[in-house]
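> the amino acid sequence is not available; the structure is as follows:
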């Protein structure tokens, strides 16, 4: 009687590694899609918060916050300006989180104002807008 060897053959191990590699590849792509959609959703929520603060700004001062100019491009500086002016945040604290990778600005618009947001590195591709009437492109 012949004794079977203990363990796996090289072919069996290679098949298992190939299957795990394929599953990992699918999982990484799926995870990246989930994280990018979550960041976009977070940016949309921040834009809604800015719109609410614009309403409060108008009720208190009779005008909207439009410090960023007609052709504003979202940057870290414009985001900090919104933080300090609309949300009364100190320089140490950030109400608008930059963790999601989006930056914001507020521009004058025919409806009163337009909140703009874009991803830090891809501002031409991912510009999100929301105006005083609630019209948006997201």
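That came in fine, so what should we check first? What you see is a predicted model, and the numbers here were worked out from it, not measured in a lab.
> can you give me the strands for this protein?
Using DSSP state E, the strands of the chain run over 102-107, 114-119, 128-131.
> the least confident helix or strand in the chain by mean pLDDT packs against which elements?
None of the helices or strands of the chain scores lower by mean pLDDT, DSSP states H and E than helix 76-86, at a mean of 88. Counting contacts by 3 or more Cβ pairs under 8 Å, 6 or more residues apart in numbering; DSSP states H and E, helix 76-86 is packed against helix 10-61, strand 102-107. Using the backbone N, CA and C atoms, a C-beta is placed for each residue, glycine as well.
> list the buried residues in that helix.
By 16 or more other Cβ atoms under 10 Å, the buried positions in helix 76-86 come out as 78, 79, 80, 81, 82, 83, 86.
> name the residues that touch that helix?
Residues outside helix 76-86 that contact it (Cβ atoms under 8 Å, 6 or more residues apart in numbering) are 50, 53-54, 57, 65, 67-68, 72, 89-91, 94-96, 98, 103-106.
> try it again at 6 Å.
Helix 76-86 has contacts (Cβ atoms under 6 Å, 6 or more residues apart in numbering) with 53, 65, 67, 68, 89, 94, 95, 96, 103, 104, 105.
> how big is the angle separating it from strand 114-119?
140 degrees (axes from the mean of the first three to the mean of the last three Cα atoms, to 10 degrees).
> could you give the angle of helix 76-86 to strand 102-107?
Compare the direction of helix 76-86 with that of strand 102-107 by the same axes, to 10 degrees and you get 60 degrees.
> for residue 24, which of the strands of the chain is the nearest?
Closest to residue 24 of these, according to Cβ to Cβ: strand 114-119, at 26.0 Å.
> all set, thanks.
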